[in-house]
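Asks: Dropping the sequence and predicted coords here.
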Amino acid sequence: MFARRIAVVGSGYVGLTTGACLASLGHRVICADVDPDKVDRLSAGRVSILEPGLSELVAEGLAAGRLEFVLGASKAVLDAEVVFMCVPTPMGVGGAADLVAVESVISEVRDLLPAGCVVVNKSTVPVGTAERMHQLLNRPDIAVVSNPEFLREGSAVHDFLNPDRIVVGSSAQDAAERVAALYARLGAPTVLTDAPSAELVKYAANCFLAMKLSYVNAIAELSERLGANVADVTEGIGYDRRIGQAFLQPGPGWGGSCLPKDTHALIQAADAVDFDFMLLRATIDTNTRQRQRIVTKIREACGGSLDGVRLGLLGLTFKAGTDDLRDSPALAVAELLREEGAELTAYDPGVAHAVPGVTDTVRVVDDAYEVAKGAAGLVLLTEWPEFRTLDWARVASLLEGRVVVDTRNHLDPDVLRRAGLSWRGVGMQPVD
Ligand code: UGA
């Protein structure tokens, strides 16, 4: 393997994971960011993102002299053979991806890029962006390659180093092969294709995952109504290798910084070419409805009204293992509960006391038992492992009411029953 000189623009979880992992594979990596504090922190080896293994890889890369952090893309690209674009592409007006950051980096580095280097886009961007970047660069000697990432927050390092596949797309075959070679040591199946196909792979994957989850949440509702048990139903379908066991866990709906943004962006892209993506619309609608359905379940468990009812919430982040609250279904449910007059106290292992925007909805405390004190019921919204091993007898002694609504089917209903509590799951029959 050739050790390459690589620049990574953007030090969010994707950029930082990409940089640190490529350095661990032996490449020489310079990561750029626009935030001077972040650059200082990272240069000192301080990683503030909750990503297992990332701090260690950053420390290792810094110590080996293979990883460096600089302020501004222009400093990073001067000597680069490959430039990875890992800047944010948030949801813009009308749901389409906002490409301001991508465009501004292009104009910043256009005249600085060494001849013959390859610009690789890792940000999730609309189909056609690689071509647009090529035009904006206006440098016939520089190829643009699409290389989407499939990293999950909370297991980004693991996902980078153990990929299910590598996807690389470009109209320049040799550039695509050079990028694919960077990952050669990982031994993953590699899809070499054109740029629009690579760009669409990312949306098609995330939207499929969203669709799978909305389907599962619908099957969970149907299970409740038909007297079935969704855990057995999903196990039963998951053994079919065409379906698979992953991503079959019902919950309060899917959220986070990717699935909501990417489903809306693909609807936009489809609309723009006069394609009514009904299946994807239904996927989003089902997800919105799921949050409401969870609130109905909680209301019913509390006797028909939430007005003035004190509830304890376990979890606020969009999934366990992250401190990310963006588009969190837990927060969306909390807001709906608040609108119905519930008084909320929450604990989340990833969320500190004062979080702007959250504290208006819910009082955040730093202890799960504190949440239970005097509450009419508990609602588990995020599947943190530590919630399973709470002392449920102690929880029961602190609670005023008896009911625990487990929106992730995460707890053991028998343990709760033995503690004198009633368990309400999703797609499962109640346990009293
Ligand atoms: C997602 C994709 O899984 C990654 O492959 C992709 O790279 C990433 O988006 C991205 O585009 O950058 P992430 O947003 O970190 O990753 O979160 P997921 O683990 O996919 O979870 C998404 C949502 O689905 C969460 O709210 C989670 O709680 C929910 N979920 C997931 C379920 O409700 N049930 C499940 O069985 C799995």
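Replies: All right, it came through fine.

Asks: From now on I want contacts and neighbour counts done on CA atoms only, so please keep to that.
Replies: Noted.

Asks: and the helix or strand containing Ile6, which strands flank it?
Replies: Using DSSP states H and E, Ile6 maps to strand 5-9. Partner strands and pairing direction for strand 5-9 (DSSP bridges) are strand 28-33 (parallel), strand 82-85 (parallel).

Asks: Contacts for it next, please.
Replies: 15, 18-19, 27-33, 73, 76-77, 79-87 (Cα atoms under 8 Å, 6 or more residues apart in numbering).

Asks: same question, stretch 254-265
Replies: 90-91, 95-97, 126, 203, 206-207, 210, 213-214, 280, 284, 287, 318-319, 324-329.

Asks: tell me which residues of the longest helix seen in the chain are tucked away?
Replies: If you go by DSSP state H, the chain has its longest helix at helix 195-226. For helix 195-226, burial by neighbour count (16 or more other Cα atoms under 10 Å) applies to 195-204, 206-224.

Asks: now could you export just the CA positions of stretch 300-308 as PDB?
Replies: Provided in PDB are the C-alpha atoms of stretch 300-308 (Å, rounded to 0.1, in the frame of the first residue of the first chain):
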ATOM      1  CA  GLU A 300     -53.800   5.800  28.200                       C
ATOM      2  CA  ALA A 301     -51.300   4.300  30.600                       C
ATOM      3  CA  CYS A 302     -51.800   7.300  32.800                       C
ATOM      4  CA  GLY A 303     -55.600   7.000  32.900                       C
ATOM      5  CA  GLY A 304     -56.600   9.200  29.900                       C
ATOM      6  CA  SER A 305     -55.200  12.600  30.600                       C
ATOM      7  CA  LEU A 306     -51.700  14.000  31.000                       C
ATOM      8  CA  ASP A 307     -52.600  17.400  32.300                       C
ATOM      9  CA  GLY A 308     -50.600  18.100  35.400                       C
END
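
Asks: hmm, back to that, what's the following helix or strand after the strand holding Ile6?
Replies: helix 13-24.

Asks: neighbouring contacts of that following helix?
Replies: Contacts of helix 13-24 (Cα under 8 Å, 6+ apart): 8-10, 28-31, 49, 51, 54, 57-58, 60-61, 66-67, 85-87, 149, 151, 153, 156-157, 160-161, 182.

Asks: same thing with stretch 218-226?
Replies: 228-230, 250, 286, 426-429.

Asks: now, among the residues you listed, which is nearest to Val109?
Replies: Thr286 (42.8 Å; Cα to Cα).

Asks: Verify the stated contact: the closest one with Ser214.
Replies: Yes: if you go by Cα atoms under 8 Å, Thr286 and Ser214 touch, sitting 5.9 Å apart.

Asks: mind listing the strands for the stretch 101-250 of the chain?
Replies: Under the criterion DSSP state E, counting those that start in this stretch, strands of the stretch 101-250 of the chain are mapped to 118-121, 143-146, 166-169, 190-193.

Asks: Any chance of those strands in JSON lines with mean neighbour count, mean pLDDT and distance to Asn409 as columns?
Replies: Shown next, in JSON lines, are those (neighbours: other Cα atoms under 10 Å; pLDDT from 0 to 100; distance: least, Cα to Cα, whole Å):
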{"stretch": "strand 118-121", "mean neighbour count": "26", "mean pLDDT": "97", "distance to Asn409": "38"}
{"stretch": "strand 143-146", "mean neighbour count": "29", "mean pLDDT": "98", "distance to Asn409": "38"}
{"stretch": "strand 166-169", "mean neighbour count": "26", "mean pLDDT": "98", "distance to Asn409": "33"}
{"stretch": "strand 190-193", "mean neighbour count": "16", "mean pLDDT": "98", "distance to Asn409": "36"}
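
Asks: between those, which gets nearest to the ligand?
Replies: Ranking these by their distance to the ligand (criterion: Cα to the nearest ligand atom) puts strand 166-169 first, at 12.0 Å.

Asks: Please export the C-alpha coordinates of the closest one as PDB.
Replies: Taking Å, rounded to 0.1, in the frame of the first residue of the first chain, the C-alpha atoms of strand 166-169 are listed here in PDB:
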ATOM      1  CA  ILE A 166     -16.800   0.800  -0.100                       C
ATOM      2  CA  VAL A 167     -18.600   2.800  -2.800                       C
ATOM      3  CA  VAL A 168     -16.500   5.000  -5.100                       C
ATOM      4  CA  GLY A 169     -17.900   6.800  -8.100                       C
END
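
Asks: Understood, closing this out.
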